[in-house]
Each structure stands twice: as C-alpha cells, then as structure tokens.
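Peer 1: structure for the following, please:
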Amino acid sequence: MFEIFNEEERGQVGIGTLIVFIAMVLVAAIAAGVLVNTAGFLQATAEDAGQESVNKVTNRVEVLNTHGTVGANDDITDITMTVRLAAGSDAVDMNETSIKYLSDTQVTTLTNETVETYATGDSFLLNEVTDDDNSFGVLNSMNDRYEVKINSSAIESGSNVGLSTGEKVTLEITSRTGGTTQVILTMPQQLAGKSQGEPVEL
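Peer 2: Numbering: from 1, shown residues only. Below you'll find the predicted structure:
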C-alpha cells in the first residue's frame, strides 16, 4: 500500500514519532500534576473555609438572663448578663471576646478588663458564678457561668447619666473565632419608686 524507496527514511520517521509521543506524555504528566496540586489546594481551602463557618455558628455564648441597676436619676447605670457556652460550642475565651454596644446615641466596642475594679466606657467586667476547673475567663464547660457587667452610664455620657426608660440597647457578643450572639434590651418603662442600686429585670 505504501512504497518505501529509501530504508533510511523509515528509521527517521520512527524516531520522529517516538519523540512526539514522549513529548505528549511529558505534557500530559505535567498537566496532570498541576491538576492534582490545584485540586489538593482547593480541597484544603474548602476545608478551612468550612471549619471557619462552623466556628462562626457554634463557638459562641448564650445569654441566660439580664438585669439592670437603677441609678440616681431614674435611669439604668449598669447592665449585667449571665452567660454560658452555647450548645455544641467549643471553649470560648472571654478575654478574647468583644461586645459591640449600640444605643440610640452611642456605638462602641467593649473588651474584657477584669483586672479593673469597675467597667469603663470601653470595657466590660467579668465575674465568676460557677467554674468547674478554675479556668477563670474561659468558658470550657456547660456548667460554667460568668456575669458580664457593662457600665452604661460611662458609655452614654461619661457622667452618671445612664439609659432612660424605654430606650433600647443592642449588644453583639463576638468570640475570637467570629461566633456572635445578639441581645436586644429594652429599659423598663417605669422606674419611679425604685431605689438607687436596686436591680431590675431587662
């Protein structure tokens, strides 16, 4: 069917075909390596992103109850919340947790300053209620309970005037991993007759 006039040409054609074949194999191997590396990188990135998403949903605190402290001007000068771990959450370090405070007139971010004797306009205090293993500051058991105290009068005006009746405050408690718990508090409609320093439910 094909007539070969020169036996030397037959060998040259065979070597050329072999070179082309080897080149194709090398290109395919390189491409496969790139695809495998890319797939591995994407898988690792997806796993990290998935874990971060899980942490943002689960690693947070739960607010059990809240109360305010009546001031001298028929206002709320302090807010106290009792917190614990949310269901399914890993340990939450309150020393690395922040609280965003948003009222009708003020917005600020508070950090833990337990070493202070009272909360200031940019910090909150942490008091132990129960702690199974004496790891104060870290919620690592469902039995752990801490009180978080916020000085609303210092935040609102820097004086001794706190939150008036009917005012609303939104608190967003965010852990180091990004898990957030939001609490919306409304000050009591009537504080007349309450004594200074008396606790009232919020």
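
Peer 1: strands along the chain, start to end?
Peer 2: Assigned by DSSP state E, the strands in the chain fall at 61-70, 76-85, 92-93, 98-102, 107-112, 123-130, 138-139, 145-151, 168-174, 180-186, 199-201.

Peer 1: of all these, which one is nearest Gly193?
Peer 2: strand 61-70 (9.9 Å; CB to CB). (Glycine included, C-beta is placed from N, CA and C.)

Peer 1: sorry, back to before: would CSV of the strands of the chain with mean pLDDT and distance to Val20 be doable?
Peer 2: Formatted as CSV, the entries for the strands of the chain read as follows, by pLDDT from 0 to 100; distance: least, CB to CB, whole Å:
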stretch, mean pLDDT, distance to Val20
strand 61-70, 94, 66
strand 76-85, 94, 65
strand 92-93, 92, 63
strand 98-102, 96, 64
strand 107-112, 93, 66
strand 123-130, 92, 73
strand 138-139, 92, 66
strand 145-151, 94, 73
strand 168-174, 95, 61
strand 180-186, 94, 60
strand 199-201, 92, 84
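
Peer 1: would you turn those strands into JSON lines with mean neighbour count and distance to Ala29?
Peer 2: Converted to JSON lines, the strands of the chain look like this (neighbours: other CB atoms under 10 Å; distance: least, CB to CB, whole Å):
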{"stretch": "strand 61-70", "mean neighbour count": "18", "distance to Ala29": "53"}
{"stretch": "strand 76-85", "mean neighbour count": "22", "distance to Ala29": "51"}
{"stretch": "strand 92-93", "mean neighbour count": "20", "distance to Ala29": "49"}
{"stretch": "strand 98-102", "mean neighbour count": "18", "distance to Ala29": "51"}
{"stretch": "strand 107-112", "mean neighbour count": "15", "distance to Ala29": "54"}
{"stretch": "strand 123-130", "mean neighbour count": "17", "distance to Ala29": "59"}
{"stretch": "strand 138-139", "mean neighbour count": "21", "distance to Ala29": "51"}
{"stretch": "strand 145-151", "mean neighbour count": "20", "distance to Ala29": "59"}
{"stretch": "strand 168-174", "mean neighbour count": "18", "distance to Ala29": "48"}
{"stretch": "strand 180-186", "mean neighbour count": "15", "distance to Ala29": "48"}
{"stretch": "strand 199-201", "mean neighbour count": "11", "distance to Ala29": "71"}
